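Enquirer: my questions are about this predicted structure, shown below with the sequence.
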Amino acid sequence: MAKIIGGIGTSHVPTIGVAYDKGKQDDPAWAPLFKGYKPVADWLAEKKPDALVFFYNDHATTFFFDLYPTFALGIGAQFEIADEGAGKRPLPPMRGNVDLSIHIAESLVNDEFDITTFQDRPIDHGCASPLPLLWPHAPDWPGVIVPIAINVLQFPIPTAKRCYKLGQALRRAIESYPEDLKVVVVGTGGLSHQVHGERAGFNNEEWDMEFLDLFVKNPEELTKLRHADYIRRGGAESVEQIMWLAMRGALEGEIRELHRNYYLATTTAMTVTLYEPA
Amino acid sequence: MNPQLAGLEDLEGTYVFDLHTSNRAMKLNRFLWKMIGTEARAHFSKDPENAMTEAGLSDTEKDLVRRQDWIGLIRAGASFFVLEKFARVAQRTNLEVYAMMRGETFDEFMATRRVPECR
Ligand SMILES: [Fe+2]
């Protein structure tokens, strides 16, 4: 049976991808960010999971607002990394496991989580920005990803509680997969930031710390918050932190935080955390 | 009113992108979204006026695009996430766009940041 061995929380700021491609790993302004991923990358190299399930959001790249899925699961042997307006990134396509993705789709739908599926579509920085900081990509990625996109762009978006429940349903899906795979669940996005309007540039470090603490000790509290609460406390686009709660739902019960790196340099509180079941 | 969003009415400088906005500004958003395609980018660079007319933009929207009025485009209903695709074509970084939306010069805005060199 497949098993969830841990969870990762990570920002997916597009400029992380740009800085990575430009080789800014040792640039003093960027080093605190890249160094902060090292313990997580080391943990992954040691534990060697077969799959990373990514709760991430599309940024109107894979999908447009004329047909925007609330939850969508990617199925394919590989996923191209999208051109988001600045051209293609020098990375190999991400790898997928068709059988695993299909099993998860079947399990979720039979569990009354009627998820949309997509195939043969490129995926944007929601997944691709943090991935090379977690896994090496040369000569190829060491495992597969299962991309699960959550709408956090066009309201109505799912509630925090619904995201948590999706994580719980994902766990049932993983634990009913017959192969002995090791799976890590990744929740992406945040932390505090706002990228539109005159309020762009808003941050709230105090709230970010409270979020990270509640995330471990009392996630239930976070599932009760409304979108308006997240927007007010952490900035409009920080509402995407509800995707971390999907990861938390998959790790239901007590967890230990093994690592935390928080780097608020310009506009987004770039964060990476690592959790194991306690 | 979506109860998940109630209470944001007085939050300044924030424009929630919901289905009302999306429906109202569908053509504008589709036009901006298409900038992820190499052909659309080439077409816009060569012949911006026709590209905008073909996309069905209103005169007001065309004017906002011509002037790269980022906050104006947001107020007209653009989602930031398609606006940033157009920013790539306009050779503007997101940090520059944030500064302009706030009505600040780039240097003014960066002076408010903790690590201004992080770009
Ligand atoms: Fe995002």
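Expert: Cool, the structure landed.
Enquirer: so what's the closest residue to the ion within chain B up against?
Expert: Closest contact between chain B and the ion, by C-beta to the ion, is at residue B:81 (7.9 Å). Heads up, the C-betas are built off the backbone N, CA and C, glycines and all. When contacts are counted by C-beta atoms under 8 Å, 6 or more residues apart in numbering or on different chains, residue B:81 touches A:59, A:60, A:153.
Enquirer: separation between the one residue sitting closest to the centre of chain A and the ion?
Expert: Among the residues of chain A, the one closest to the centroid is residue A:188, at 2.5 Å (C-alpha atoms, centre = their mean). Plainly put, residue A:188 is 7 Å away from the ion if you go by C-beta to the ion, to the nearest Å.
Enquirer: where along chain A do the strands fall?
Expert: Using DSSP state E, the strands of chain A run over residues A:3-10, A:51-56, A:71-75, A:78-79, A:94-95, A:116-119, A:144-150, A:182-188, A:255-264, A:269-277.
Enquirer: is chain B contacted by the second one?
Expert: No: Strand A:51-56 stays clear of chain B (C-beta under 8 Å from any C-beta of the partner chain), getting no nearer than 13.4 Å.
Enquirer: restrict that strand to CA atoms and write it as PDB.
Expert: The C-alpha atoms that make up strand A:51-56 are tabulated as PDB, following Å, rounded to 0.1, in the frame of the first residue of the first chain:
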ATOM      1  CA  ALA A  51       5.700  10.900  -5.800                       C
ATOM      2  CA  LEU A  52       5.000  14.400  -4.700                       C
ATOM      3  CA  VAL A  53       1.400  15.400  -4.700                       C
ATOM      4  CA  PHE A  54       1.200  19.100  -5.400                       C
ATOM      5  CA  PHE A  55      -1.800  21.100  -4.200                       C
ATOM      6  CA  TYR A  56      -1.100  24.200  -6.200                       C
END
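Enquirer: which strands and helices sit next to that strand?
Expert: Applying 3 or more C-beta pairs under 8 Å, 6 or more residues apart in numbering or on different chains; DSSP states H and E, one finds that strand A:51-56 contacts helix A:125-128, strand A:144-150, helix A:160-175, strand A:182-188, helix A:242-250.
Enquirer: how about the last one?
Expert: With contacts taken as 3+ C-beta pairs under 8 Å, 6+ apart, strand A:269-277 sits against strand A:3-10, helix A:31-47, helix A:205-217, strand A:255-264.
Enquirer: to the ion, which of these lies closest?
Expert: The ion lies closest, by C-beta to the ion, to one member of the helices and strands packed on strand A:269-277: strand A:3-10, at 11.3 Å.
Enquirer: which residues does the spatially most central residue of chain B contact?
Expert: The centre of chain B sits closest to residue B:83, judged by C-alpha atoms, centre = their mean, with a distance of 3.3 Å. Residues in contact with residue B:83 (C-beta under 8 Å, 6+ apart) are A:196, B:32, B:70, B:73, B:74, B:97.
Enquirer: then residue B:3?
Expert: Contacts here follow C-beta under 8 Å, 6+ apart; on that basis residue B:3 touches residue A:226.
Enquirer: before we move on, what SS does it have?
Expert: Under DSSP: H, G, I helix; E, B strand; the rest coil, residue B:3 falls in the coil class.
Enquirer: the one 5 residues further on too?
Expert: In three-state terms, and counting by three-state DSSP, residue B:8 is coil.
Enquirer: verify the stated contact: it with residue B:15.
Expert: No: with contact defined as C-beta atoms under 8 Å, residue B:8 does not reach residue B:15; the gap is 10.1 Å.
Enquirer: which of the two has more neighbours?
Expert: Taking neighbours as other C-beta atoms under 10 Å in any protein chain shown, residue B:8 and residue B:15 compare with residue B:15 leading, 20 against 17.
Enquirer: so how far is chain A from that one?
Expert: According to C-beta to the nearest C-beta, to the nearest Å, residue B:15 stands 5 Å off from chain A.
Enquirer: need the contact list for that residue.
Expert: If you count contacts by C-beta under 8 Å, 6+ apart, then residue B:15 has A:196, A:197, B:21, B:74, B:75 around it.
Enquirer: before we move on, what about residue B:74?
Expert: By C-beta under 8 Å, 6+ apart, residue B:74 lies in contact with A:196, A:197, B:15, B:80, B:83, B:101.
Enquirer: what separates the host helix or strand of the fifth one from the chain centre, distance-wise?
Expert: By that I understand residue B:83. Assigned by DSSP states H and E, residue B:83 belongs to helix B:80-89. Counting by C-alpha atoms, centre = their mean, to the nearest Å, helix B:80-89 is centred 6 Å from the centre of its parent chain.
Enquirer: if you look at the next helix or strand after it, does any of it touch chain A?
Expert: Once helix B:80-89 ends, the next helix or strand along the chain (criterion: DSSP H and E) is helix B:94-101. Yes: using C-beta under 8 Å from any C-beta, helix B:94-101 reaches chain A at B:94, B:95, B:98, B:101.
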